[in-house]
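Visitor: What shape does this take:
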Amino acid sequence: MTESSNFPADALDAVATELNQAAEQDGLSAEQYRRKMQRRQEVQQQRLAERNLEKGLVIVHTGNGKGKTTAALGMVMRSLGHGYRVAIVQFIKGAWEPAEKAVLGRWEDQLTFHAMGEGFTWDTQDRERDTETAQKAWAVALDHIRNPDYRLVLLDEVNVALKHGFLSAEQVLAGLVAKPEMTHVILTGRGAPAALVEAADLVTEMTLVKHPFREQGVKAQPGIEF
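Guide: All right, here's what the predicted structure looks like:
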């Protein structure tokens, strides 16, 4: 390894970013670009050599932008492709009977799917009933979280249930602590509480830039929203 292997471990990410930015500059000769990418490769090799742990992750997809559940379903597909068992519990959108359920149902030997939500809060209009539904969904989710047979558990729109107070952050965090070491849990939905964000291993916030419903009056369409 060359000089880049001498970088302190906590500086490697910053060095990698600097090298990426340097390589994007205009006017570099082919040789200059090659040297920068060679150093970038060396830094990456050091990063991979020093970061080789495996663990079950707590993953949060939140924010006002579109794509939280979609991104989570991508991880579901990867896990199914590796032959892992997966559980999905839908906390809010279950009443839609979404197309995802029809497609993923083809992996019935590996996938358990619970559509337990009854729709949006403005449709149900019953806080007590919404709370009861969310608590039932959480009980089902907790059974799967604790079951080592499941490598991935997706709690779809659970953050919305937390935001509205149908579940408490304390009970969800206590449930996550009880998961087996190698189990991954994904929690989606806007408004993830700060305590959950702090406890998670991977957090992505989807940012809304434009939306066709707001700007153009385009309704939810099959294949895009459901």
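
Visitor: pLDDT score for residue 88?
Guide: Residue 88 carries a pLDDT value of 94.

Visitor: Could you check how many residues crowd around it?
Guide: 24 (other Cβ atoms under 10 Å). C-betas here are computed from N, CA, C, even on glycine.

Visitor: How about the secondary structure of it?
Guide: strand (DSSP: H, G, I helix; E, B strand; the rest coil).

Visitor: From residue 60, how far off is it?
Guide: 16 Å (Cβ to Cβ, to the nearest Å).

Visitor: Am I right that residue 208 is in contact with residue 65?
Guide: Yes: counting by Cβ atoms under 8 Å, residue 65 is a contact partner of residue 208 at 4.3 Å.

Visitor: Compare the two (neighbour count), which wins?
Guide: Between residue 208 and residue 65, residue 65 has the larger neighbour count (other Cβ under 10 Å), namely 16 against 11.

Visitor: which SSE is the more buried one in?
Guide: Using DSSP states H and E, no element contains residue 65; it sits outside every helix and strand.

Visitor: Leaving out the residues flanking it, which one is nearest to it?
Guide: Closest residue to residue 65 apart from its sequence neighbours, by Cβ to Cβ, 6 or more residues apart in numbering: residue 206 at 3.1 Å.

Visitor: quick one: buried residues of stretch 51-71?
Guide: Under the neighbour-count criterion of 16 or more other Cβ atoms under 10 Å, stretch 51-71 has 56-63, 65-66, 68-69 buried.

Visitor: Return the member of the residues you listed nearest to residue 225.
Guide: residue 66 (8.1 Å; Cβ to Cβ).

Visitor: Please name the residues that touch the closest one.
Guide: By Cβ atoms under 8 Å, 6 or more residues apart in numbering, the residues touching residue 66 are 206, 208, 211.

Visitor: And it, what's its pLDDT?
Guide: 92.

Visitor: if I look at it, how far off is residue 213?
Guide: Counting by Cβ to Cβ, the gap from residue 66 to residue 213 is 10 Å.

Visitor: same thing with residue 89?
Guide: 26 Å.

Visitor: Near residue 138, how many other residues are there?
Guide: Residue 138, neighbours per other Cβ under 10 Å, totals 23.

Visitor: my bad, residue 204
Guide: Counted with other Cβ under 10 Å, residue 204 comes out at 16.

Visitor: pLDDT weak spots in the protein?
Guide: 1-6, 93-98, 117-126 (pLDDT under 70).

Visitor: How are the helices of it distributed by residue range?
Guide: In the chain, the helices defined using DSSP state H lie at 12-23, 30-50, 68-81, 99-104, 121-124, 127-146, 158-163, 169-177, 194-199, 212-216.

Visitor: Check those helices for me and report the most buried one.
Guide: Most buried of the helices of the chain, by mean neighbour count (mean count of other Cβ atoms under 10 Å): helix 158-163, with a mean of 24.

Visitor: Across the sheet, point out what pairs with the residue nearest to residue 155 when sequence neighbours are not counted.
Guide: Nearest residue to residue 155, sequence neighbours excluded (Cβ to Cβ, 6+ apart): residue 187, at 4.9 Å. Counting by DSSP bridges, residue 187 is bridged to residue 60, residue 155.

Visitor: residues contacting residue 187?
Guide: Contacts of residue 187 (Cβ under 8 Å, 6+ apart): 58-61, 155, 158-159, 172, 196, 200.

Visitor: how near is it to residue 176?
Guide: Residue 187 is 9 Å from residue 176, by Cβ to Cβ.

Visitor: Common neighbours of the two, please.
Guide: residue 58.
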